[in-house]
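Asker: what's the 3D shape of this:
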Amino acid sequence: MYKKIILFTFILSLLLIITSCSKQIPNGNNFNFDKLYYVSSVIDGDTIKIEDNGEQLSVRFIGIDTPETHSGDKPLGELGKDAYWFTRNSIYTKNFKKGYVYLDFDDNKYGNYNRLLAYVYYRDKDGKLHFLNKEILENGFARPLFYSDTSKHKSDFIEAYKKAFEERKGIFKYYDDPNRVIEDINLTDKDIGKIRNVKFKVSKVISSGSFYKIYSESNKFYISIRRDEYNSFFNKLNLYDLKEKYIMIYGEIWKENGVYEILARAEFEIKILE
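Answerer: Numbering: from 1, shown residues only. Take a look at the predicted model:
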């Protein structure tokens, strides 16, 4: 009887260890979250809808921001459809008519509009596990979007974005294209949503709330940099040293209150020209 109790205790302990390990963030194929979710639709590159107990739920990918495919607060992005199809083709692999994903969450499970905020994983036709948020970034179909309470994979995302830049993938494929260079005074509404290298002379650099702002001498253009991205991607460049310098910034053109804008994410998107 005593030997049976010992054996039972050993087996129970082993099962608990296996179960605990299976729920860790995966490094390979040993992966088993509690639930597999059916993806009912892909909204855009960083948003999907899932079915959960008969309810349709919207899921926003943590840590990334893909170009827009629907008009709203942000303009339609030049590579919005490319990002959409990358996400869709990743989830709906050739061997499966339906898409399923695993979801992992930070402590803050819900964001704006009551959407789930998640790290999204899928398996390909060979059963290999993929971290979709990271893959979207490293293929250049998104820019990083960090918050202090959603930072579990921040280091992975930083490396993924740097990789996209170094390999000139996705949004960075135009980085060295001279046809994408434009002076700030020559920007028009036709440039909104397009990727450009904007040249201008800096008149002032200010700190405003959760942003740094870099204004052009013409007052027709400025750069915004969120503090969370600045703290993650800017290592050497002191923004205040840019005053009176002629620089070039690479990114997607937006417009706010009649002034053109680029929301910068990383130091390598800025070049000092003089």
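Asker: doesn't R88 fall inside a helix?
Answerer: Yes - assessed by DSSP: H, G, I helix; E, B strand; the rest coil, R88 belongs to a helix.
Asker: tell me which element the residue nearest to it when sequence neighbours are not counted is part of?
Answerer: Using CB to CB, 6 or more residues apart in numbering and skipping the chain neighbours, the partner closest in space to R88 is V42 (4.4 Å). C-beta coordinates here come from the backbone N, C-alpha and C atoms, glycine included. Secondary structure from DSSP states H and E places V42 in strand 36-44.
Asker: Quick check: neighbours of that strand in the sheet, parallel or antiparallel?
Answerer: strand 47-52 (antiparallel), strand 99-104 (antiparallel) (DSSP bridges).
Asker: what comes up buried for the last one?
Answerer: Meaning strand 99-104. For strand 99-104, the neighbour count (16 or more other CB atoms under 10 Å) marks G99, V101, Y102, L103, D104 as buried.
Asker: re the thing from before, among the strands paired with strand 36-44, which comes closest to G127?
Answerer: With CB to CB, the closest approach to G127 among those belongs to strand 99-104: 12.4 Å.
Asker: Show me the contact partners of the helix or strand following that closest one.
Answerer: Following strand 99-104 in sequence order, the next helix or strand is strand 116-123 (DSSP H and E). Identification of contacts with strand 116-123 by CB atoms under 8 Å, 6 or more residues apart in numbering yields 26, 31, 33, 48, 50, 57-63, 90-91, 93, 99-106, 108-111, 129-133, 150, 152-153.
Asker: Kindly provide the distance from the residue nearest to Y37 when sequence neighbours are not counted to K255.
Answerer: Once flanking residues are discounted, Y37 sits nearest to I50: 4.3 Å by CB to CB, 6+ apart. Distance of I50 to K255, given as CB to CB, to the nearest Å: 34 Å.
Asker: same question, A118
Answerer: With CB to CB as the criterion, A118 and K255 are 31 Å apart.
Asker: Comparing the two, which residue is more hemmed in?
Answerer: More crowded of A118 and K255, by other CB atoms under 10 Å: A118, with 24 against 15.
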